[in-house]
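Undergrad: Next input, structure requested:
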Amino acid sequence: MKTITIGLLGLGTVGKGVVALLQKQAPKISRTQDFQFKLKSVAVHNLARHQNDDLPAGTILTDKVATVVDDPEIQIVIEAMGTIEPAKVAICQAILNGKSIISANKDLLATAGPELLDLAKTAKVDFFYEASVAGGIPILRILSSSLETDQITQITGIINGTANYVLTAMDRKKQDYATALQAAQKLGYAEADPTNDVQGIDATYKLIILSRFAFGQSLRCADVPSQGITAITPAQLQSADQLGLKIKLLAVAKEFNHQLFSFVGPAALPAAEPLAHVNGVQNAIAIQSDALGETTYTGPGAGAAPTANSILSDLLATGDDIVKGNCGREFNSYRRPARARSLAAVPQRYLITIAGTGNLLSIASSVPTAQWERQVTSNHYWSGLTPVITQAQLNTLMKKLQKSHQQVAALPLANSWQTTPAPVTV
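TA: Next comes the predicted model:
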């Protein structure tokens with residue numbers, strides 16, 4: 001039986017999960033594959049913090065990345081460092097040394113993915129990154145294999161567990177944003193600095209990766225209009241409930257007529273839709289395609305075990321390629337250039353919420369340009385659904401409502417986007 005030697009960069013939550021699962025599943029791997037793995041070296045930033053970590057006998061613990069990436073015996077490098085620049089330098093060096101790469105680094109893959117993947121292809125080594133999107137959901141392999149012969153028209157995802165946990169807590173426990181975020185941090189669901197999660201940056205990175213697989217399109221961060229959840233209020237969530245809606249942080253990419261429309265931000269979903277029932281730290285991705293219609297994939301979006309499981313799946317695929325002499329095949333070879341467009345700029349319906357005191361219904365009724373389709377009101381807020389309107393019409397409407405000196409907010413209604421030419425109702 002062939003022994004394949006691997007090295008690991010990083011021994012945080014993900015790295016420890018990989019080591020634990022690799023040891024646990026070693027007997028099964030030996031029974032089902034023509035090879036076995038040997039973890040030779042692990043590079044960490046601070047040796048003192050990891051002296052008591054459980055590593056396989058004989059594994060070298062080092063604080064020098066070069067010990068891993070320059071070792072001629074190591075054939076596969078698993079990158080679990082996080083960050084962008086140090087990880088990029090390490091990965092490039094490993095590739096140039098002829099090593100295949102497995103990574104969960106969504107930030108790096110979203111911003112420098114094409115460059116790194118081209119380098120791996122030239123060097124004829126594998127580069128897999130299933131764990132970079134939605135943790136334990138094998139969505140990239142589903143897109144690149146199971147749905148390879150189908151034509152995907154839209155992807156809608158809840159792909160940030162922190163933001164989804166905060167919105168779920170605000171909805172169910174009637175908490176404000178700050179209280180819900182603090183609870184998420186105490187439970188370990190949110191970082192001390194949660195900026196990337198709550199501002200939609202993390203979801204944007206993941207949508208960029210998904211779009212390469214689903215549509216063959218390499219979006220840039222600047223192509224994706226993104227918003228976070230920091231301004232969402234209990235009034236918006238409560239009024240949405242009354243209207244049969246749920247508010248979620250969505251990442252959406254929709255292809256039409258050689259154009260790829262994208263959006264990341266909070267949006268209202270009809271409560272009957274599957275994504276409306278994805279709560280807490282769970283992730284879910286709904287795919288619309290010609291052959292299958294709509295399929296939805298749910299599961300844990302993060303955590304040591306789910307992420308490690310995706311990494312081990314990549315490890316088995318790479319090991320098989322090494323044994324068969326097939327390294328260098330692309331994880332995703334789909335290319336289909338399309339014009340990048342903002343989904344936020346197309347005509348759509350909006351949930352408008354006015355929070356405050358006074359006769360809020362009277363304020364809403366005083367705006368003649370909006371024929372509200374549905375309305376709800378309470379002592380502290382009023383909400384209504386607009387018909388399909390343009391962004392310019394929304395801006396005009398918001399200016400008129402804001403003259404009341406009340407707090408006015410607008411959220412798009414998911415799947416009301418009119419990317420096809422259609423008359424606008426006002």
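Undergrad: what number of residues lie near Ala178?
TA: Neighbours of Ala178 under the rule other Cβ atoms under 10 Å: 10. C-betas here are computed from N, CA, C, even on glycine.
Undergrad: could I get the one helix or strand it maps to in PDB with only the CA atoms?
TA: Using DSSP states H and E, Ala178 maps to helix 177-186. Output of helix 177-186 as PDB, limited to C-alpha atoms (Å, rounded to 0.1, in the frame of the first residue of the first chain):
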ATOM      1  CA  TYR A 177     -28.800  43.500  17.000                       C
ATOM      2  CA  ALA A 178     -26.200  44.300  19.700                       C
ATOM      3  CA  THR A 179     -27.700  41.900  22.200                       C
ATOM      4  CA  ALA A 180     -27.900  39.100  19.700                       C
ATOM      5  CA  LEU A 181     -24.400  39.600  18.500                       C
ATOM      6  CA  GLN A 182     -23.000  39.600  22.000                       C
ATOM      7  CA  ALA A 183     -24.800  36.300  22.600                       C
ATOM      8  CA  ALA A 184     -23.300  34.900  19.400                       C
ATOM      9  CA  GLN A 185     -19.800  35.900  20.600                       C
ATOM     10  CA  LYS A 186     -20.200  34.300  24.000                       C
END
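Undergrad: What is it packed up against?
TA: Other helices and strands packing on helix 177-186, by 3 or more Cβ pairs under 8 Å, 6 or more residues apart in numbering; DSSP states H and E, are helix 161-173.
Undergrad: tell me which residues in the next helix or strand after the helix holding Ala178 are buried?
TA: Using DSSP H and E, the next helix or strand after helix 177-186 towards the C-terminus is helix 195-198. Buried residues in helix 195-198, counted by 16 or more other Cβ atoms under 10 Å: 196-198.
Undergrad: cool, and stretch 147-159?
TA: Those buried within stretch 147-159 under the rule 16+ other Cβ under 10 Å are 147, 152-159.
Undergrad: Secondary structure element holding Leu394?
TA: Under the criterion of DSSP H and E, Leu394 resides in helix 391-402.
Undergrad: pLDDT (mean, whole number) over stretch 246-264?
TA: Stretch 246-264 carries an average pLDDT of 96.
Undergrad: measure that stretch end to end?
TA: End-to-end span of stretch 246-264 (Cα to Cα, to the nearest Å): 16 Å.
Undergrad: so who does Ala66 touch?
TA: By Cβ atoms under 8 Å, 6 or more residues apart in numbering, the contact set of Ala66 is Gln93.
Undergrad: rewinding a little: taking helix 161-173 as reference, get the angle to the helix holding Ala178.
TA: Interaxial angle, helix 177-186 versus helix 161-173 (axes from the mean of the first three to the mean of the last three Cα atoms, to 10 degrees): 120 degrees.
Undergrad: list the buried ones in helix 177-186?
TA: Buried residues in helix 177-186 (16+ other Cβ under 10 Å): 177, 180-181, 183-185.
Undergrad: quick one: which of the buried residues of helix 195-198 is nearest to Asp171?
TA: Val198 (15.6 Å; Cβ to Cβ).
Undergrad: Isn't the closest one up against Ile229?
TA: Yes - Val198 lies in contact with Ile229 (Cβ atoms under 8 Å); the separation is 5.5 Å.
Undergrad: picking that back up, quick check, distance from the helix holding Ala178 to the centre of its chain.
TA: Distance, stretch centre to chain centre, for helix 177-186: 20 Å (Cα atoms, centre = their mean, to the nearest Å).
Undergrad: just checking, Gly82 touches Ser103?
TA: No - Gly82 is not in contact with Ser103 according to Cβ under 8 Å; the separation is 9.9 Å.
Undergrad: between the two, who's got more neighbours?
TA: Ser103 (26 against 19).
Undergrad: Give me the nearest residue to that one, chain neighbours excluded.
TA: Glu79 (4.3 Å; Cβ to Cβ, 6 or more residues apart in numbering).
Undergrad: Quick check, that neighbour in contact with Gly7.
TA: No - if you go by Cβ under 8 Å, Glu79 and Gly7 don't touch, sitting 9.6 Å apart.
Undergrad: Wait, Ala112 touches Ile84, no?
TA: Yes - judged on Cβ under 8 Å, Ala112 makes contact with Ile84 at a distance of 7.3 Å.
Undergrad: Of those two, which one has the most company?
TA: Ala112 (18 against 15).
Undergrad: Next up, the contacts around the more buried one.
TA: Counted by Cβ under 8 Å, 6+ apart, Ala112 has contacts 84, 88.
Undergrad: what's the burial count for Leu275?
TA: Residues near Leu275, counting by other Cβ under 10 Å: 20.
Undergrad: same check, this time on Asn283
TA: Using other Cβ under 10 Å: Asn283 sits among 25 other residues.
Undergrad: before we move on, what about Arg212?
TA: Using other Cβ under 10 Å, Arg212 is surrounded by 23 other residues.
Undergrad: wait, what's in contact with it?
TA: Arg212 makes contact with 113, 218, 332, 334, according to Cβ under 8 Å, 6+ apart.
Undergrad: With that, I have no additional questions.
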